[in-house]
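Chemist: below is the structure, and that's it, no one-letter string:
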């Protein structure tokens, strides 16, 4: 692995110190918020960069003592040299990872959409299993979930579910979940014990703050309708659910809570996020070759994962990861093992790409 130049490390430290100095002088709320955000993002990088610079200095000093000709000092310094040489490669890699270019939306909240695919009732049940898995994972991560719209399956689960998820770094973790999730198991309705294959799609859309999307009134149609969302016997029976259609693109956003006013706001927010994702996807397509190092395209038509219940096996097809702990993954308790493996693989590929460029 190539070492990071001292000038590159100092550049990051200088910027951090500039931000700190400016934070003490800023008076406008918007600038203070922006500076605080940049400060929090730079701090772990700078802390690790300073640790690396300190270790390099210690190694240089210890090597100088070894070469000094003083037998006693040289003997002591040799142990320190070996220890620092063992420690430096890991430090270099940690800093390299922290310096990798970030997805601008990694810190964003998300809208997650789950839809039953092929497989009828079993697909809807599987979509319900996926949402329970994600709900537990969100709880473990300390994120907040707000169901915007849901259509229950005839035998349980969900034909479709849309939820907002907010917290620290949600999109950066959840973006890997977009795609087709396939399940292989014996359905509860199967009388002869045959294994069926069904699927559900997951779409993860970033919901960054202050989405700047201009929607002209003449470009949308707003319909009110009876709620068909989750809620059982307490489901709303008034015509308060709202569906907004963006006529130029055909994109549709819905919300089905009790207040029509709230539903209009939520549906409009969802529409803006979908339009933002449309623009983001178009830009990503233009940069497809440059993004070859990323794991998958995030396209929802791509099969990303298989959940094989008879073998207690989960396979993520993008990185060839197979774990025989599906019982813990599907509950959400071990999903982070999968997410972290995807993040690590992505970082390794980006590091390799950077080294090839250099």
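Modeler: That came through, no problem. Being a predicted model, the structure only gives us computed values, none of them experimental. Residues are numbered from 1 along each chain as shown.
Chemist: just the buried residues of stretch 53-60, please?
Modeler: 53, 55-56, 58-59 (16 or more other C-beta atoms under 10 Å). (C-beta placed from N, C-alpha, C; glycine too.)
Chemist: same thing with stretch 307-323?
Modeler: Buried residues in stretch 307-323 (16+ other C-beta under 10 Å): 307-309, 313-319, 323.
Chemist: now the strands: where do they sit in this protein?
Modeler: Using DSSP state E, the strands of the chain run over 109-116, 144-152, 158-166, 179-185, 196-207, 220-225, 241-246, 251-255, 303-308, 313-316, 321-323.
Chemist: buried deepest among those strands, which one?
Modeler: strand 109-116 (a mean of 23; mean count of other C-beta atoms under 10 Å).
Chemist: what is it packed up against?
Modeler: helix 120-141, strand 158-166, helix 170-174, strand 196-207 (3 or more C-beta pairs under 8 Å, 6 or more residues apart in numbering; DSSP states H and E).
Chemist: so which of these is nearest residue 85?
Modeler: With C-beta to C-beta as the criterion, residue 85 lies closest to helix 170-174 of the helices and strands packed on strand 109-116, at 33.1 Å.
Chemist: give me the mean pLDDT for that closest one.
Modeler: The pLDDT scores in helix 170-174 average 93.
Chemist: other residues contacting it?
Modeler: For helix 170-174, contacts defined as C-beta atoms under 8 Å, 6 or more residues apart in numbering pick out 102-103, 105-110, 112, 141, 143, 165, 204, 206-207, 339, 343.
Chemist: any idea how far it is from the chain center?
Modeler: Here the centre of helix 170-174 is set off from its chain's centre by 2 Å, with C-alpha atoms, centre = their mean, to the nearest Å.
Chemist: ok, stretch 47-65 next?
Modeler: On C-alpha atoms, centre = their mean, the centre of stretch 47-65 falls 35 Å from the chain's centre.
Chemist: list the contacts of it.
Modeler: So stretch 47-65 is contacted by 4, 6, 9, 12-13, 73-74, 76-77, 80-81, 84-85, 87-88, 91-92, 94-95, 98 (C-beta under 8 Å, 6+ apart).
Chemist: switch to 7 Å and redo it
Modeler: 9, 12-13, 73-74, 77, 80-81, 84-85, 87-88, 91-92, 94-95, 98 (C-beta atoms under 7 Å, 6 or more residues apart in numbering).
Chemist: give me the mean pLDDT for that stretch.
Modeler: For stretch 47-65, the mean confidence score works out to 91.
Chemist: next one: stretch 321-328
Modeler: 96.
Chemist: circling back to that earlier point, ok, of the buried residues of stretch 53-60, which one's closest to residue 125?
Modeler: residue 55 (53.4 Å).
Chemist: rewinding a little: closest to residue 67 out of the strands of the chain?
Modeler: Of all the strands of the chain, strand 321-323 comes closest under C-beta to C-beta, at 47.2 Å.
Chemist: who touches the closest one?
Modeler: 313-315, 329, 337-338, 341.
Chemist: now with 8 Å?
Modeler: By C-beta under 8 Å, 6+ apart, strand 321-323 touches 313-316, 329, 334, 337-338, 341-342.
Chemist: direction included, what does that strand pair against?
Modeler: strand 313-316 (antiparallel) (DSSP bridges).
Chemist: from the chain's centre, how far out does the partner strand sit?
Modeler: 19 Å.
Chemist: pLDDT (mean, whole number) over that strand?
Modeler: 96.
Chemist: looking at the strands of the chain, which is nearest to residue 66?
Modeler: That would be strand 321-323 among the strands of the chain, by C-beta to C-beta, at 44.1 Å.
Chemist: distance from the chain centre to that closest one, please.
Modeler: 19 Å.
Chemist: from here on, call the first residue 3.
Modeler: Done: numbering now begins at 3, and the last item shifts to strand 323-325.
Chemist: so where's this protein uncertain?
Modeler: Scanning the chain for pLDDT under 70 picks out 3-4, 191, 210-214, 228-241, 285-304, 356-360.
Chemist: pull the longest helix from it.
Modeler: Assignment by DSSP state H gives helix 31-68 as the longest helix of the chain.
Chemist: let me see the contact set for residue 179.
Modeler: Per C-beta under 8 Å, 6+ apart, neighbours of residue 179: 114, 136, 204, 206, 306.
Chemist: was I right about the third one contacting residue 116?
Modeler: Pointing back at residue 204 there. Yes - using C-beta atoms under 8 Å as the test, residue 204 is close enough to residue 116 to be in contact (5.6 Å).
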